[in-house]
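Student: Just to be clear, the model below is a prediction. Sequence and coordinates:
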Amino acid sequence: MNAENRQVDQAMLEDRPEKRTVRGLWLEEVKAVAREDPSSEEPWYLTLPGAEGLDIQLLLEHDLIALTEVNSIAEKDQGKIVAVESNNDAIAKLQKKFIGLRIKQVDFRSFIRSEGQFRWPEGDDEKYCRARVINLDLNTRLKANIDNQSVVFPVLAWIDKLCQIHAKPPRLDWTLCLTLHAEIDWPIDVNRYIQKYLCENLGREPVFDESCRDFFGEGLYQAVKNMEECLNFMELNREEQQKVIMVIVPKIIARLVHNKGWCVRTERNLRYGSEARAPMVTWVVKLTWDGNAAAVPDSTYREALREIFHGVGIVKENGNIA
Amino acid sequence: MSEKKFKGEIKVASRIVDYLSSGLYDSPAACLKELINNSFDADATRVDVFLKPDADRIIIEDNGQGMDQEEFVKHFSMISESYKREDSDITKKGRPKIGKIGIGFIAANEICNVMEIISTKKGSTDLLQVAINFDLMRLDPDKRMREDKELAKADYVGTIGKTAPDSQFTQVFLKEVRGEAQAILAHAGRSRFASGKKSLYGLKAESVSTLLKNKNLRTWSDFDAYSKNRLQVALNVPVQYHKDWLPQTLRSKVNNIVKNVKELDFSLFIDGSEIRKPIVFNPEGKALISKFSFEGDHVAAHGYFYAQHTAIRPQEIQGLLLRIRNAAVGEYDPSFLGFTSSVGPLFQSWISGEIMADDRLEEAMNIDRRTLRIDHPAYVELQEAIHNHVSSLLKQVRNEIYHEQSRTRKTKHAKEVEDRIIDVAKQEIARVSPESLRTLRKAWAGSADDQLRQTKILRKFTVDQLYEIVIEVAKEFLSPKLLSEFIKRLTERLRK
């Protein structure tokens, strides 16, 4: 398929103010790495940039990456960014726009060797997976499937794997930038699972419960809590669907990684996309290694739940964050 | 008695392609230039090659006329037949086609396992996308056979997609680039090819030209493998000359050659850097251009020979480069097609030439496009013409460059000696006798400007000759006692 026909590239091409704001958040994360660990042996930034690579463009515009006389990426900085892209046409465009950019020609699932725990990236791929900022700008819905009587969210399983790769000595703190399409499209069994899961957690951590009530609104909150009736998330309005995704994604990330030594702090938890556009949600999640976290998983998890609402907001059509 | 007759069809397995092209190309550069020359034949005005940072995937993109399914199938079904020049041996733009038997694309199999071609033609919305798996092609057909006797995989798999009708391009993706080729092409940082040497990556043509002019650059191997590969490609393909490739005084003599290349309107960019012919001369002293033009029974050729005082650097551009249809045949030949002469070894490194031969020499060219059949009449005739030219050029070099340089050096030396004599005279003799100063001045002043007097002032004497001269003169004026003292002192000075 031509890059020009792909939804993700069309979305990029539009260069809307909301997306510009989101890219600005990503930029700040890379700037922080450049400031704090400029000589990092691991890449600063791993991204799925699409054919346009507007996020990479931003790094160049802010002089984070040195360029040569012919505006190609200087050899000394070629290790700082890694792009993952599978489409030939998009690769040709990217490579032409950012000469010297390291592009792994593969889809991200293959790059991370799927969501399973049996196969892992090796060699250079493993090194690239230890990037200090990883930007999964997916423009896809949060897919879920039931495997062996439990729900698996492939994207979130990748993040779990990325955490495990970063946990290899020397352990590295890292930042996840994740963007998903917020329209819910789960099988009915997944709906039941999510409702039960949310309900249990509301009872587990009072601050989380209170925050959820405020955030969801009374109607949705009560619908979630009413386990007598199966809540069909697909029937919620777009804003409610966005809110559900905003809550469950960082929550599941925290559940997956908290007992492996990772403290999860949701720095940004934003929804965007006006009525005419696709509803989107984007997160900036800081993952910090703490040797004690695995020893006290319950309090680490509760802390992570409280943090989910730390950076909640909306990116308005004009790009302002409210 | 009736003879039993039999007949059959000789089938050629696709792996023949591997056999055919194995070892044909001695470097990744040789494979790359084949693909770039294909773009030239497709009337592209611009080709972009992307190698960095890892060359694990190479992209070659051109804005040439593109290819549709029919042309692809025709081309790849008829490798080694003269399809490329079937209709005409010049392109629509009037360029002489470089490719002849269509093996250029297959050159890629030497450096990668998978080649993907994406192409479209102006006015068509069809987007050709084909993947050729060389690894499979190399397999024994027996191993690719299914139980139903069908081949397990095709040699290529293609689809026709859609694109805008106004676009026209060809993209070639070389994937799964083999380790050694990858290390050379990208100078990837974990092999012997990564040596911390200077790189041409990211430089503008002007900067490359400046580096090539550097007197300390002895050979292209002073650069990293990536850069050396780039220079090798640049030498072969029909790209333009650097703006300042020759001293300004000589450039006018080769205007037509530069103009011809310019008119081809072909640009190559590797990783964003414009590639020009890596032929840059930067003489310290005198240099000359000798034009070459030959019309024979079997071949015609024209070109130039450049000569300078002292060896040309880098050494890769010493010798003679032959071009047929604007593409080089191999590299510079330092032997000038086997020229032998007693003065050869000294002066041949002072000379660099480029000769553009007509199509008749192409018949003498071997399939590797690097070598020529030395018994082919066109080669033999051109060789003789070149040897005659080199022979007379060597005489010209001796007279105009070597002797003249030698004369210049002598004059300079004579002037220095003359000045020293006057200096000594002023400091030592003038105090004793102003008359003596006048005598010395009269005897030696102006010696540098007169060839005969130059010879005299630069004469060298051995110690015995010096004793003979000095003692003979001294004994005319000095008493035996003083003479004895004089000889003692003189001996002490000479033995210091």
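Tutor: Happy to help now that I have it. Numbering: from 1, shown residues only, chains lettered A, B, ... in the order given.
Student: any weak-confidence spans in the stretch 51-200 of chain B?
Tutor: Applying pLDDT under 70 to the stretch 51-200 of chain B flags residues B:77-86, B:101-103, B:137, B:140-154, B:188-196.
Student: let's see it at 50
Tutor: By pLDDT under 50, the low-scoring segments of the stretch 51-200 of chain B are B:189-193.
Student: State the distance from B:Leu127 to A:Asp63.
Tutor: Between B:Leu127 and A:Asp63 the computed distance is 38 Å (Cβ to Cβ, to the nearest Å). Placement of C-beta: from N, CA and C, glycine included.
Student: same check, this time on A:Leu198
Tutor: Separation of A:Leu198 from A:Asp63 (Cβ to Cβ): 44 Å.
Student: same deal with B:Leu382?
Tutor: 56 Å.
Student: So between A:Leu198 and A:Asp63, which is more surrounded?
Tutor: Legend: neighbour count by other Cβ atoms under 10 Å in any protein chain shown for A:Leu198 and A:Asp63, higher for A:Leu198 (21 against 9).
Student: Surely the more buried one is in a helix?
Tutor: Yes. Under DSSP: H, G, I helix; E, B strand; the rest coil, A:Leu198 sits within a helix.
Student: give the contact list for it.
Tutor: A:Leu198 makes contact with A:212, A:224, A:247-248, A:251, according to Cβ atoms under 8 Å, 6 or more residues apart in numbering or on different chains.
Student: now A:Asn88
Tutor: For A:Asn88, the contacting residues are A:105, B:116, B:118, B:129, B:171, B:173, by Cβ under 8 Å, 6+ apart.
Student: Around the residue of chain A found nearest chain B, count how many other residues there are.
Tutor: Residue nearest to chain B within chain A: A:Thr68 (2.5 Å; Cβ to the nearest Cβ). Neighbourhood size, A:Thr68 [other Cβ under 10 Å]: 21.
Student: A:Met246 too?
Tutor: For A:Met246, the neighbour count with other Cβ under 10 Å is 26.
Student: Give the buried residues for the one helix or strand it maps to.
Tutor: Assessed by DSSP states H and E, A:Met246 sits inside helix A:238-257. Buried residues in helix A:238-257, counting neighbours by 16 or more other Cβ atoms under 10 Å in any protein chain shown, are found at A:240-257.
Student: Direction included, what does the helix or strand just after it pair against?
Tutor: Using DSSP H and E, the next helix or strand after helix A:238-257 towards the C-terminus is strand A:262-272. The strands beside strand A:262-272 in its sheet (DSSP bridges) come out as strand A:280-289 (antiparallel), strand A:312-315 (parallel).
Student: Mean neighbour count, these: which tops it?
Tutor: Most buried of these, by mean neighbour count (mean count of other Cβ atoms under 10 Å in any protein chain shown): strand A:280-289, with a mean of 21.
Student: Please determine how far the closest residue to A:Asp173 other than its chain neighbours is located from A:Glu267.
Tutor: Sequence neighbours aside, A:Thr288 is the residue nearest to A:Asp173 in space, at 4.8 Å (criterion: Cβ to Cβ, 6 or more residues apart in numbering or on different chains). According to Cβ to Cβ, A:Thr288 stands 11 Å off from A:Glu267.
Student: secondary structure element for B:Ser207?
Tutor: Using DSSP H and E, the element containing B:Ser207 is helix B:205-213.
Student: Using PDB, write down the CA coordinates of stretch B:423-439.
Tutor: What follows is stretch B:423-439, C-alpha atoms only, in PDB (Å, rounded to 0.1, in the frame of the first residue of the first chain):
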ATOM      1  CA  ASP B 423      77.000  38.200   0.600                       C
ATOM      2  CA  VAL B 424      80.200  36.500   1.600                       C
ATOM      3  CA  ALA B 425      82.100  39.100  -0.500                       C
ATOM      4  CA  LYS B 426      80.300  42.000   1.200                       C
ATOM      5  CA  GLN B 427      81.000  40.700   4.700                       C
ATOM      6  CA  GLU B 428      84.500  39.400   4.400                       C
ATOM      7  CA  ILE B 429      86.300  40.700   1.400                       C
ATOM      8  CA  ALA B 430      85.000  44.300   1.100                       C
ATOM      9  CA  ARG B 431      86.600  45.200   4.400                       C
ATOM     10  CA  VAL B 432      90.000  44.100   3.100                       C
ATOM     11  CA  SER B 433      89.700  45.200  -0.500                       C
ATOM     12  CA  PRO B 434      86.800  47.000  -2.200                       C
ATOM     13  CA  GLU B 435      88.500  46.100  -5.400                       C
ATOM     14  CA  SER B 436      88.100  42.400  -4.700                       C
ATOM     15  CA  LEU B 437      84.400  42.900  -4.100                       C
ATOM     16  CA  ARG B 438      84.100  44.500  -7.500                       C
ATOM     17  CA  THR B 439      86.000  41.700  -9.100                       C
END
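Student: Now do that stretch: everything it contacts.
Tutor: The contact list for stretch B:423-439 (Cβ under 8 Å, 6+ apart) reads B:440-441.
Student: so how far is that stretch from its chain's centroid?
Tutor: Put simply, stretch B:423-439 sits 58 Å off its chain's centre (Cα atoms, centre = their mean, to the nearest Å).
Student: buried ones in that stretch?
Tutor: Within stretch B:423-439, the residues scored as buried using 16+ other Cβ under 10 Å are B:425, B:429, B:437.
Student: Let me know the helix or strand that the last one is in.
Tutor: In this case it means B:Leu437. Using DSSP H and E, B:Leu437 falls within helix B:434-444.
Student: The next helix or strand after that helix packs against which elements?
Tutor: Going down the chain from helix B:434-444, the next helix or strand is helix B:451-457, by DSSP H and E. Where contact means 3 or more Cβ pairs under 8 Å, 6 or more residues apart in numbering or on different chains; DSSP states H and E, helix B:451-457 is packed against helix B:404-424.
Student: on that earlier part again, and the contacts of A:Asn88, which two are furthest apart?
Tutor: Among these, the pair separated by the greatest distance (Cβ to Cβ) is A:Gln105 and B:Gln129, at 14.8 Å.
Student: where do the strands sit along the stretch 101-250 of chain A?
Tutor: Ranges of strands within the stretch 101-250 of chain A are A:102-105, A:133-141, A:145-147, A:150-152, A:174-181, based on DSSP state E, counting those that start in this stretch.
Student: same thing with the stretch 301-450 of chain B?
Tutor: Using DSSP E, counting those that start in this stretch, strands in the stretch 301-450 of chain B cover B:319-324, B:327-328, B:351-357.
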